[in-house]
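Chemist: attaching a predicted model along with its sequence, questions to come.
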Amino acid sequence: MNFPTKFRLSLMMFLEFFVWGSWYVTMGTFLGNNLLAKDQDISLAFSTQSFGAIIAPFIVGLIADRYFHAQRILGVIHLIGAGLMYLLYSSTDFSEFFPVLLFYMILFMPTLALVNSISFNQMKNPEKEFSVIRIWGTIGWVAAGFLISSLAWDSQSGLTEGLLKNTWIMASAVSVVLGLYSFTLPSTPPRAKTSGEFKLSEALGLDALALLKHRNYAIFFLSSILICIPLAFYYQNASPFLTEIGLENSTGKMALGQVSEVLFLLALPIFFSRFGLKKTLIVAMLAWAIRYVFFAFGDADSGVWMLLVGIALHGVCYDFFFVSGQIYTDSHAGEKFKSSAQGLITLATYGIGMLIGFWAAGQISNFYLQIDGSHQWNSIWLIPSGISLLVLLFFISFFKEEKVKPQP
């Protein structure tokens, strides 16, 4: 892959994850502070990601693998998304906010599979090339977090003045830029051939479900669902947790997790080739269990180092599991259904697994809500740590080591 193509794909990833990172990390804090939402409301808001991810394979399978160029779909979605972000900025209560967010996430979640598909379409060896492109998505997320904290939108004074709502305007503006830029990306035409006879299973991208006939991939798919249950606790609770215990510039500090993503993305190709897929995924799941133990016993004073280490472990958790899983999925997808296969793993992770996780996190957070409005956070964090260990034991027991063979 030549440098101009690398640059174009890297900028696409940067903008894609800048848009998401502009509002996602702080949404729980925003809802509680600006719209006075309850724990169950915040859980419901985060669940929109899962509903979008569950629908994503059908949208991607229908339009990207069979009928339309992926880069054009990406552009249209982000232009529409920019308008929806502005409506979220204008919302004054949760009942007005929620349906707009749901519609936005149904549109946005397929773009995670689309940017992967556009990238893989230009690669001859994804195992080595994809990390270099994907790392710019992480940098985009970090840039959004640092910008929010540098503008003090998430500070105590910023929260008092309601400045956190500006994250939605920032996301809207960058969505416009990405929407227009998408039409200039490398051409990614549909791969699957259409025949005269219409088949609903093909149109909805259900042919990618054939991947589950492979026993090892089915174990990986199930493990992906299960490990995303504890992951949802981090996305939903981390920002409110750090804000509640009094950690200043929490959004900027949470961006340390993405800084570690950059480092571990660079290390991933070496670790992946030396130790193989199974050991890479095992390290990721073990890191999940450890990070929640650090959260359970850390605090904003002498134990702040435990919080920072827990945040920094995000790079291992995310890169070694999600990016490895995307590469593994691409290796099994074959030529015809690359986009819908990425949509399938999006369904497993951001969809089914996190939908269960967000619901569980909301219920558990509410259960450990105290009379003064604070939470018993050590009890809350030990639960996802235990779940992570159980998933790890399941994966070690049933998944057999497999060499990943890149597809053309």
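Modeler: Structure's in. What do you need?
Chemist: name the helix or strand of this protein that has the lowest mean pLDDT.
Modeler: Least confident element among the helices and strands of the chain, by mean pLDDT, DSSP states H and E: helix 200-203 (a mean of 54).
Chemist: next SSE downstream of that helix?
Modeler: helix 215-244 (DSSP states H and E).
Chemist: tell me what that next one is packed against?
Modeler: Judged by 3 or more C-beta pairs under 8 Å, 6 or more residues apart in numbering; DSSP states H and E, helix 215-244 is in contact with helix 27-34, helix 39-63, helix 250-254, helix 256-297, helix 324-333, helix 338-346, helix 354-367, helix 377-398. Where you see a C-beta, it was placed from the backbone N, CA and C, and this is true even at glycine.
Chemist: and those helices, which one averages the lowest pLDDT?
Modeler: The weakest mean pLDDT among the helices and strands packed on helix 215-244 belongs to helix 338-346, with a mean of 71.
Chemist: excluding its backbone neighbours, what's nearest residue 154?
Modeler: Spatial nearest neighbour of residue 154, chain neighbours left out: residue 251 (4.4 Å); criterion: C-beta to C-beta, 6 or more residues apart in numbering.
Chemist: any idea how far residue 326 is from the closest residue to residue 272 other than its chain neighbours?
Modeler: Spatial nearest neighbour of residue 272, excluding adjacent residues (C-beta to C-beta, 6+ apart): residue 280 at 5.5 Å. Going from residue 280 to residue 326 by C-beta to C-beta, to the nearest Å gives 12 Å.
Chemist: and residue 138, by the same measure?
Modeler: Counting by C-beta to C-beta - residue 138 and residue 326 are separated by 14 Å.
Chemist: need the overlap of contacts for those two.
Modeler: Residues within reach of residue 138 and of residue 326 at once, by C-beta atoms under 8 Å, 6 or more residues apart in numbering: there are none.
Chemist: surely residue 304 meets residue 245?
Modeler: No. Look at residue 304 against residue 245 with C-beta atoms under 8 Å: they stay out of range, at 9.6 Å.
Chemist: these two: who's more crowded?
Modeler: residue 245 (18 against 14; other C-beta atoms under 10 Å).
Chemist: hmm, residue 299 and the more buried one touching each other?
Modeler: Yes. Residue 245 is in contact with residue 299 according to C-beta under 8 Å; the separation is 6.2 Å.
Chemist: centre-most residue in this protein?
Modeler: The residue lying closest to the centre of the chain (C-alpha atoms, centre = their mean) is residue 350, at 6.5 Å.
Chemist: and that one, what does it touch?
Modeler: For residue 350, the contacting residues are 49, 50, 52, 53, 56, 109, 112, 228, by C-beta under 8 Å, 6+ apart.
Chemist: which single one of these is nearest to residue 27?
Modeler: Set against residue 27, the nearest of the contacts of residue 350 by C-beta to C-beta is residue 49 (9.9 Å).
Chemist: right, and the closest one touches residue 105 too?
Modeler: Yes. The criterion here is C-beta under 8 Å, and residue 49 meets it with residue 105 at 5.3 Å.
Chemist: what comes up buried for stretch 179-189?
Modeler: Neighbour counts over stretch 179-189 (16 or more other C-beta atoms under 10 Å) mark 179, 181, 182, 185, 186, 188 as buried.
Chemist: which residues of the stretch 101-250 of the chain score low on pLDDT?
Modeler: For the stretch 101-250 of the chain, residues meeting the criterion pLDDT under 70 lie at 127, 191-207.
Chemist: give me the nearest residue to residue 103, chain neighbours excluded.
Modeler: Of all residues not flanking residue 103 in the chain, residue 84 sits nearest, at 6.3 Å (C-beta to C-beta, 6+ apart).
Chemist: burial measure for the one you found, as a count.
Modeler: Applying other C-beta under 10 Å, we find 21 residues neighbouring residue 84.
Chemist: ok, back up a step: how close does the residue nearest to residue 272 get to residue 398?
Modeler: In terms of C-beta to C-beta, residue 280 sits 17 Å off from residue 398.
Chemist: neighbour count for the two, which is higher?
Modeler: A count of neighbours by other C-beta under 10 Å puts residue 280 above the other of residue 280 and residue 398, at 24 against 14.
Chemist: quick one: that one and residue 273 touch, right?
Modeler: No. Counting by C-beta under 8 Å, residue 280 stays clear of residue 273, with 9.8 Å between them.
Chemist: ok now stretch 150-166, how far from the chain's centre?
Modeler: On the basis of C-alpha atoms, centre = their mean, to the nearest Å, stretch 150-166 sits 24 Å off its chain's mean C-alpha point.
Chemist: residue 106 sits in which helix or strand?
Modeler: Using DSSP H and E, residue 106 falls within helix 94-120.
Chemist: helices or strands up against whatever helix or strand comes next after that helix?
Modeler: Moving toward the C-terminus from helix 94-120, the next helix or strand (DSSP H and E) is helix 126-150. For helix 126-150, the packing partners by 3+ C-beta pairs under 8 Å, 6+ apart come out as helix 3-21, helix 94-120, helix 166-182, helix 250-254, helix 256-297, helix 324-333.
Chemist: cutoff 10 Å now
Modeler: helix 3-21, helix 94-120, helix 166-182, helix 250-254, helix 256-297, helix 314-318, helix 324-333 (3 or more C-beta pairs under 10 Å, 6 or more residues apart in numbering; DSSP states H and E).
Chemist: which among those helices is found nearest to residue 128?
Modeler: Between residue 128 and the helices and strands packed on helix 126-150, the shortest gap by C-beta to C-beta is with helix 256-297, which sits at 5.3 Å.
Chemist: report the angle between that closest one and helix 3-21.
Modeler: Counting by axes from the mean of the first three to the mean of the last three C-alpha atoms, to 10 degrees, helix 256-297 lies at 40 degrees to helix 3-21.
Chemist: after helix 256-297 comes which helix or strand?
Modeler: Per DSSP H and E, the first helix or strand lying C-terminal to helix 256-297 is helix 304-312.
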